[in-house]
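Colleague: Okay, here's the prediction I keep looking at, along with the sequence it came from:
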Amino acid sequence: MKIIMLGAPGAGKGTQAKLIADKYNLPHISTGDIFRANIKEGTALGMEAKKYMDQGLLVPDELTVKILLDRVAKEDCKNGYVLDGFPRTIPQAEVLDKALAELGESVDFAINVEVPDENIIKRMGGRRACLSCGATYHLEHIPPKAEGLCDHCGRELVLRDDDKPETVKNRLQVYHEQTSPLIDFYRAKGVLKEVDGTRRMDEVFNAIVEILD
Ligand code: AP5
Ligand code: MG
């Protein structure tokens with residue numbers, strides 16, 4: 001099963017993608033997590049990506065597409081995957097489609113997690129992320145068991161550089177201009193499914209499971 005998560009920054013794509021990946025035993029692939037891991041390790045790719053991410057801009061397609069295609073070619077992806085944060089532009093979606101078509105495959109579900117901008121701005125300030133394992137928390141909605149520490153790996157939780165209010169506004173603008181056209185792109189292919197992302201995390205997940213089952 002090949003699943004794409006669509007939705008604005010902070011809509012809950014990562015939160016839901018992890019739950020889907022666990023339940024259906026699929027790899028969870030987040031281009032944002034891949035970039036953040038590279039930034040942390042100080043790789044050339046990370047340094048290049050950081051220039052864009054810190055401003056809330058998209059990393060250029062040339063860089064992003066290559067990373068994604070290399071990742072989905074790995075052995076663990078042969079039964080499918082959950083893509084979180086890719087594609088983010090029409091050209092990225094076209095590259096993915098073409099690569100899949102060459103294998104006689106296609107995307108099965110594009111799940112759009114819908115959350116209005118006002119809710120997003122509130123959510124982002126409360127998010128805390130583990131840069132080691134990629135786990136995400138929310139100070140109010142999903143607090144970690146021990147304050148400031150990751151439940152999974154015990155490392156320190158941080159406010160992501162791009163979760164500062166000014167950058168969040170830029171990310172939302174970029175989303176509306178460059179990423180939201182993907183909703184119609186996947187609707188036209190007959191694989192778009194929409195869920196209300198303003199509900200509780202478990203309710204959103206139940207709605208997704210109904211679609212996938
Ligand atoms: P990326 O890491 O993908 O960030 P994003 O799309 O901006 O999305 P987020 O991770 O911020 O939000 P999310 O939807 O995953 O929400 P989450 O589950 O954490 O990308 C970062 C940057 O990398 C981009 O800006 C770009 O520069 C670059 N990049 C990445 N991919 C790229 C690509 N393909 N092309 C070009 N550039 C690329 O939830 C948010 C918060 O809300 C959390 O605190 C969570 O706990 C909480 N929450 C979740 N669900 C609920 C709920 N139902 N109720 C209450 N709170 C909830
Ligand atoms: Mg995410």
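Modeller: Yes, it's here. Residues are numbered from 1 along each chain as shown. Ligands and ions are numbered 1, 2, ... in the order given.
Colleague: Just list the residues touching whichever residue of the chain sits closest to ligand 1, thanks.
Modeller: Nearest residue of the chain to ligand 1: residue 32, at 1.9 Å (C-beta to the nearest ligand atom). C-beta coordinates here come from the backbone N, C-alpha and C atoms, glycine included. By C-beta atoms under 8 Å, 6 or more residues apart in numbering, residue 32 lies in contact with 14, 53, 84, 85.
Colleague: residue contacts, residue 67?
Modeller: 31, 34, 45.
Colleague: same thing but at 6 Å, please
Modeller: If a contact means C-beta atoms under 6 Å, 6 or more residues apart in numbering, then residue 67 has residue 34 as its contacts.
Colleague: that older thread, go through the contacts of residue 32 and flag which are in strands.
Modeller: Among these, the members found in strands (DSSP state E) are residue 84.
Colleague: Pipe the contacts of residue 32 into a markdown table and attach pLDDT and distance to ligand 1 per row.
Modeller: Listed next are the contacts of residue 32 as a markdown table, based on pLDDT from 0 to 100; distance: C-beta to the nearest ligand atom, whole Å:
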| residue | pLDDT | distance to ligand 1 |
| --- | --- | --- |
| 14 | 95 | 3 |
| 53 | 96 | 4 |
| 84 | 98 | 6 |
| 85 | 97 | 3 |
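Colleague: any chance of the contacts of residue 32 in JSON lines, plus neighbour count?
Modeller: Shown next, in JSON lines, are the contacts of residue 32 (neighbours: other C-beta atoms under 10 Å):
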{"residue": "14", "neighbour count": "22"}
{"residue": "53", "neighbour count": "21"}
{"residue": "84", "neighbour count": "25"}
{"residue": "85", "neighbour count": "23"}
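Colleague: Output the set of residues of the protein in proximity to ligand 1.
Modeller: Taking C-beta under 6 Å from any ligand atom as the contact definition, the chain meets ligand 1 at 7, 9-15, 30-32, 35, 52-53, 56-59, 64, 85-86, 88, 92, 123, 126-127, 136-138, 141-142, 162, 171, 200-201, 204.
Colleague: These in strands, which ones?
Modeller: Mapping the residues of the chain next to ligand 1 onto strands (DSSP E) picks out 30, 127, 136, 137, 138.
Colleague: now, which of the residues you listed sits nearest residue 107?
Modeller: residue 30 (16.6 Å; C-beta to C-beta).
Colleague: tell me which helix or strand of the chain sits lowest on mean pLDDT?
Modeller: Sorting the helices and strands of the chain by mean pLDDT, DSSP states H and E puts helix 117-126 at the bottom, at a mean of 89.
Colleague: Run through the neighbouring helices and strands of that one.
Modeller: Contacts defined by 3 or more C-beta pairs under 6 Å, 6 or more residues apart in numbering; DSSP states H and E place helix 117-126 against helix 165-174.
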